[in-house]
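Novice: Below are the sequence and a predicted model; questions follow.
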Amino acid sequence: MREMRANKISELLEGKVPVGEAIRVQGWVRTRRDSKAGISFIQVHDGSCFAPIQVVASESLANYESELKRLTTGCAVIVEGTLIVSAGQGQSIEIEPTSVEVVGWVNDPETYPMQPKRHSMEYLREVAHLRPRTNLIGAVTRVRNSLAQAIHRFFHERGFFWIHTPIITASDCEGAGDMFRVSTLDMVNPPRTEAGDVDFNQDFFGKESHLTVSGQLNVETYCMAMSQVYTFGPTFRAENSNTRRHLAEFWMVEPEIAFADLLDDVALAEDFLKSIYSNLLNERADDMEFFNQHIDKGLLARLEKLVTAKFEVMTYTEAIERLSKTKKKFEFPAPWGADLQSEHERYLTEEVVQGPVAVTHYPKDIKAFYMRLDEGGKTVSAMDVLVPGIGEIIGGSQREERLDVLDARIVEMGLDPAPYWWYRDLRRYGSVPHAGFGLGFERAVMYATGVDNIREVIPFPRAPRQVGF
RNA sequence: UCCGAAGUAGCUCAGUCGGUUAGAGCGGGUGGCUGUUAACCACUAGGUCGUAGGUUCGAAUCCUACCUUCGGAGCCA
């Protein structure tokens, strides 16, 4: 396989290889159509782009009758031949092969799970090992990669450092929901203390340990030395959530910037979203066209508006006023002090602003202890970025940099300050105003593709009772 | 976890006032036709109707439990 470099189908379809060149394509058969004139049209796909390329195999090939006419969806082939101008309609170029080698057959075509037809997404989840061969999951995969690369590029170009915060943590400080336990103890007969409790002193780490629910507290430590940092890695929540937008294992992006306030944070979020989505529209136009046509007709218009519109900024208090003035009926009321429901968020971004909006300064009682207390002591410097279509996509805040205020907030929320000793140290030694936000990566992919179930935008979804692949 | 809906051929579905041999499209096989486009035409194979009980002369259809999936809610990213 080394004697001749294979051509990516993407480079052929993009015109990077001149017609008439000898080429080689390696991929999998999508469909085969026979002509009794003694030729077969074989659509070959290699994942490099949305479209397959057409291979026009003639009966003059030695294995035409014996093998090529038996090709079915999913067979792996290596095609060598010439890139030619298509003699038919529907494609500009195609391949006239000098050889088509069948590398891997499909054992039982009738029961091969991937048929050249539309499958339900629920069914595709049951064959998660084969679903990347579909148009939909292939397109999602390229979009997901494009966004991930764009995120790293965005931060890298601005001098941020990617911090690999730990997956295993002994602190449940984040308080962001139930955690998965990490333990090497015998679950059936764990060692006990004299009081009868499980003796975690004898566990691997010598104390109770869990999978992380957020890298934020850890990344703040590096922010206080490296100035601009971010985490981008897996995150785990053991909540029994059975919805189309929750996973037990998902990826999260969390930047943190020093010498920055809430409006710097909003500006970063705006630049960030515009950057990664405008890059996507350029880089994966083929996949985005597919999503716009088959998944969500309004997708491209919405994304194009997002990357050009100026994000509005509105305080929570203003938002509540706007909600109280409308005649629109909501399922839930929106009194000052309560968290905004999804229906409220969508009304604000879709009807009031008709574009992206950052809502700031939420009541302190509905937000986390580490968010900076505002003048007046009723609100904190939190911000949620709301976008049409889904509502909240980013949540962030300026962090509380004053030790006395932070301590008071920890106590006020009924938390034990002791485990936060290292987090509190940051406020004792060279503390500076800083801010950051979190973006659920899968939700960003959902927004980019219009796919409405989060289980389609991650290769192997983990959710309650779902760990099969 | 709570509320609602659904499980029938390899896939997508139709079929329920209970009643002979459970149907279609796609996919597979065979043949025909065509520089074809998820081609088209003909023939053909393929189903313990989610699982376990129950009611009945008779259950895909009615009842109960369980399993699984989907949608909504809560939680949140």
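Specialist: The structure has been received and is ready for your questions.

Novice: Run the contact check for stretch A:60-73 versus RNA strand B.
Specialist: Yes: using CB under 7 Å from any atom of the strand, stretch A:60-73 reaches RNA strand B at A:70, A:72-73. Yep, even glycine has a C-beta here, placed from its N, CA and C like the rest.

Novice: Please spell out which residues along that stretch are buried.
Specialist: Judged by neighbour count using 16 or more other CB atoms under 10 Å, the buried positions of stretch A:60-73 are A:61, A:64, A:67-68, A:71-73.

Novice: Residue numbers of the stretch 1-150 of chain A in contact with RNA strand B?
Specialist: Counting by CB under 7 Å from any atom of the strand, the stretch 1-150 of chain A comes close to RNA strand B at A:31, A:33-37, A:39, A:41, A:54, A:56, A:70, A:72-73, A:86-91, A:94, A:96, A:109-111, A:113, A:115-120, A:122-123, A:125.

Novice: which SS state does residue A:138 fall under?
Specialist: helix (DSSP: H, G, I helix; E, B strand; the rest coil).

Novice: The residue of the stretch 351-469 of chain A found nearest RNA strand B: neighbouring residues, count only.
Specialist: Residue nearest to RNA strand B within the stretch 351-469 of chain A (CB to the nearest atom of the strand): residue A:440, separated by 3.3 Å. Residues near residue A:440, counting by other CB atoms under 10 Å, number 22.

Novice: Now do the contacts for it.
Specialist: Contacts for residue A:440 were tallied using CB atoms under 8 Å, 6 or more residues apart in numbering; they are A:250-252.

Novice: pLDDT value on it, please?
Specialist: Listed pLDDT for residue A:440 reads 94.

Novice: Setting the sequence-adjacent residues aside, check what's closest to residue A:377.
Specialist: Nearest non-adjacent residue to residue A:377, counting by CB to CB, 6 or more residues apart in numbering: residue A:364, 7.5 Å away.

Novice: quick one: the helices in chain A?
Specialist: Ranges of helices within chain A are A:9-13, A:121-126, A:135-157, A:216-226, A:262-283, A:285-294, A:299-308, A:316-325, A:342-347, A:403-412, A:421-428, A:441-449, based on DSSP state H.

Novice: quick one, which of these is packed in tightest?
Specialist: helix A:441-449 (a mean of 23; mean count of other CB atoms under 10 Å).

Novice: what's the angle between that helix and helix A:299-308?
Specialist: Orientation of helix A:441-449 against helix A:299-308 (axes from the mean of the first three to the mean of the last three CA atoms, to 10 degrees) gives an angle of 110 degrees.

Novice: For RNA strand B, see how far away residue A:235 is.
Specialist: The spacing between residue A:235 and RNA strand B, counted by CB to the nearest atom of the strand, to the nearest Å, is 7 Å.

Novice: Can you show me the CA trace of the longest strand along chain A as CSV?
Specialist: In chain A, assigned by DSSP state E, the strand with the most residues is strand A:22-35. Coordinates of each C-alpha in strand A:22-35 appear next as CSV, following Å, rounded to 0.1, in the frame of the first residue of the first chain:
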residue,chain,number,x,y,z
ALA,A,22,-3.0,8.9,-12.5
ILE,A,23,-4.7,8.7,-9.1
ARG,A,24,-5.4,6.2,-6.4
VAL,A,25,-8.4,6.3,-4.1
GLN,A,26,-9.0,4.2,-1.0
GLY,A,27,-12.4,4.0,0.6
TRP,A,28,-15.7,2.3,1.1
VAL,A,29,-18.5,1.7,-1.4
ARG,A,30,-21.7,3.7,-0.9
THR,A,31,-23.7,2.4,-3.8
ARG,A,32,-23.2,0.5,-7.0
ARG,A,33,-25.4,0.9,-10.1
ASP,A,34,-24.9,-1.4,-13.1
SER,A,35,-25.4,-0.6,-16.8
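
Novice: And that strand, how far out from the chain middle?
Specialist: In terms of CA atoms, centre = their mean, to the nearest Å, the centre of strand A:22-35 is set 32 Å apart from its chain centre.

Novice: same for that strand, what does it pack against?
Specialist: helix A:9-13, strand A:39-45, strand A:76-85, strand A:93-104 (3 or more CB pairs under 8 Å, 6 or more residues apart in numbering; DSSP states H and E).

Novice: between the longest one and strand A:22-35, how many degrees?
Specialist: Put plainly, it is strand A:93-104. Orientation check (the same axes, to 10 degrees): strand A:93-104 against strand A:22-35 gives 90 degrees.

Novice: Pass me the low-pLDDT residue ranges in chain A, would you?
Specialist: A:1-4, A:172-177 (pLDDT under 70).

Novice: The same query, at a cut-off of 80, please.
Specialist: By pLDDT under 80, the low-scoring segments of chain A are A:1-4, A:36-37, A:89, A:108-111, A:116-118, A:171-177, A:327-332, A:389-390.

Novice: which residues sit against the longest strand of chain A?
Specialist: A:1, A:4-7, A:9, A:12, A:17, A:40-47, A:52-53, A:55, A:68-69, A:71-83, A:95, A:103, A:116, A:133.

Novice: near RNA strand B, which residues of the stretch 251-400 of chain A?
Specialist: Within the stretch 251-400 of chain A, the positions near RNA strand B by CB under 7 Å from any atom of the strand are A:252, A:332, A:339, A:341-342, A:392-395.

Novice: Of those residues, which is the most crowded?
Specialist: When neighbours are counted by other CB under 10 Å, residue A:394 leads those with 25 neighbours.

Novice: Tell me what it is bridged to.
Specialist: According to DSSP bridges, the partner residues bridging residue A:394 are residue A:385, residue A:439.

Novice: Test my guess that it contacts residue A:443.
Specialist: No: Residue A:394 is beyond contact range of residue A:443, at 9.3 Å (criterion: CB atoms under 8 Å).

Novice: Hmm, the residue nearest to residue A:377 is touching residue A:381, no?
Specialist: No: using CB under 8 Å, residue A:364 is not in contact with residue A:381, being 9.9 Å away.

Novice: what residues do those two have in common as contacts?
Specialist: A:371, A:373.

Novice: Who's the closest spatial neighbour of residue A:445, skipping the chain neighbours?
Specialist: residue A:457 (4.1 Å).

Novice: Kindly provide the distance from residue A:266 to residue A:368.
Specialist: 18 Å (CB to CB, to the nearest Å).

Novice: what about the residue lying closest to residue A:252 once chain neighbours are set aside, neighbour count?
Specialist: In this structure, residue A:252 finds its nearest non-sequential neighbour in residue A:235, 4.5 Å apart by CB to CB, 6+ apart. Number of residues near residue A:235 (other CB under 10 Å) recorded here: 24.

Novice: Report the beta-bridge partners for residue A:252.
Specialist: With DSSP bridges as the criterion, residue A:252 is bridged to residue A:233, residue A:440.

Novice: was I right about it contacting residue A:230?
Specialist: No: contact criterion CB under 8 Å: residue A:252 and residue A:230 do not qualify, at 10.2 Å.

Novice: Quickly list what's touching both of the two.
Specialist: Common contact partners of residue A:252 and residue A:230 (CB under 8 Å, 6+ apart): none.

Novice: Looking at the helices and strands packed on strand A:22-35, which is nearest to residue A:326?
Specialist: Set against residue A:326 and scored by CB to CB, the helices and strands packed on strand A:22-35 come closest in helix A:9-13, at 48.2 Å.
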